[in-house]
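J.: when you get a sec, could you give me coordinates for this:
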Amino acid sequence: MAVHDDCKLKFLELKAKRTYRFIVFKIEEKQKQVIVEKLGEPTLTYEDFTASLPADECRYAVYDFDFVTQENCQKSKIFFIAWSPDTARVRSKMIYASSKDRFKRELDGIQVELQATDPSEMGLDVFKSRAN
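T.: Residues are numbered from 1 along each chain as shown. Below is the predicted model of the structure:
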């Protein structure tokens with residue numbers, strides 16, 4: 001599975017310049033490559049992010065999560081989410097599962113990984129508990 005250069009470039013912009021709040025990636029099966037499907041502006045919320053994940057299709061996503069530590073420090077962590085809803089096609093789930101590690105290696109700087117099959121597995125409470 002190839003990774004389109006745009007994936008790496010946009011991820012670097014999110015990581016270094018915080019140009020985006022999130023990026024949703026899609027595997028283009030015909031071209032056998034991972035492409036950028038959606039870029040979330042920094043002003044968008046967590047709700048905007050979850051709304052951009054299809055209910056019945058797999059995706060990869062990166063989310064720049066801002067939080068405040070117990071010491072009252074403003075911090076952020078970059079989350080990688082492997083979104084694989086139960087309702088997705090079996091073939092699609094297999095392709096995403098087998099390509100995940102290779103794709104993740106292309107994105108240098110991911111701090112936390114989440115695997116989610118339904119929205120409750122990637123709720124804000126999950127992000128908060130995994131960020132600390």
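
J.: residue nearest the centroid of the protein?
T.: Centroid-nearest residue in the chain: residue 61, 1.7 Å away (criterion: C-alpha atoms, centre = their mean).

J.: which outside residues touch the strand or helix carrying residue 6?
T.: Residue 6 belongs to helix 5-12 when assigned by DSSP states H and E. Residues outside helix 5-12 that contact it (C-beta atoms under 8 Å, 6 or more residues apart in numbering) are 19-20, 23, 25, 34-36, 39, 62, 103, 106-107, 109. The way it works is simple: take the backbone N, C-alpha and C, and place the C-beta from them, glycine included.

J.: helices and strands around the helix or strand that contains residue 48, which ones?
T.: Secondary-structure element containing residue 48, defined by DSSP H and E: helix 46-51. Counting contacts by 3 or more C-beta pairs under 8 Å, 6 or more residues apart in numbering; DSSP states H and E, the secondary-structure elements packed against helix 46-51 are strand 59-68.

J.: so who does the spatially closest residue to residue 111 that is not a sequence neighbour touch?
T.: Closest residue to residue 111 apart from its sequence neighbours, by C-beta to C-beta, 6 or more residues apart in numbering: residue 77 at 4.6 Å. The contact partners of residue 77, by C-beta under 8 Å, 6+ apart, come to 64-65, 67, 111-112, 131.

J.: type out the ChimeraX command that picks the buried ones from the residues you listed.
T.: In ChimeraX, this line selects whichever of these come out buried by 16 or more other C-beta atoms under 10 Å:
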select :64,65,131
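
J.: need the contacts of residue 77 in TSV with pLDDT and distance to residue 3, can you?
T.: As requested, the contacts of residue 77 are exported to TSV (pLDDT from 0 to 100; distance: C-beta to C-beta, whole Å):
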residue	pLDDT	distance to residue 3
64	97	20
65	96	23
67	93	29
111	96	20
112	97	20
131	91	26
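
J.: any idea of the mean pLDDT in stretch 21-33?
T.: In this model, stretch 21-33 has an average pLDDT of 96.

J.: so is the nearest residue to residue 109 once chain neighbours are set aside in a helix, a strand, or just coil?
T.: Excluding the flanking residues, the one nearest residue 109 by C-beta to C-beta, 6+ apart is residue 15, at 4.7 Å. At residue 15, secondary structure determined by DSSP: H, G, I helix; E, B strand; the rest coil is helix.
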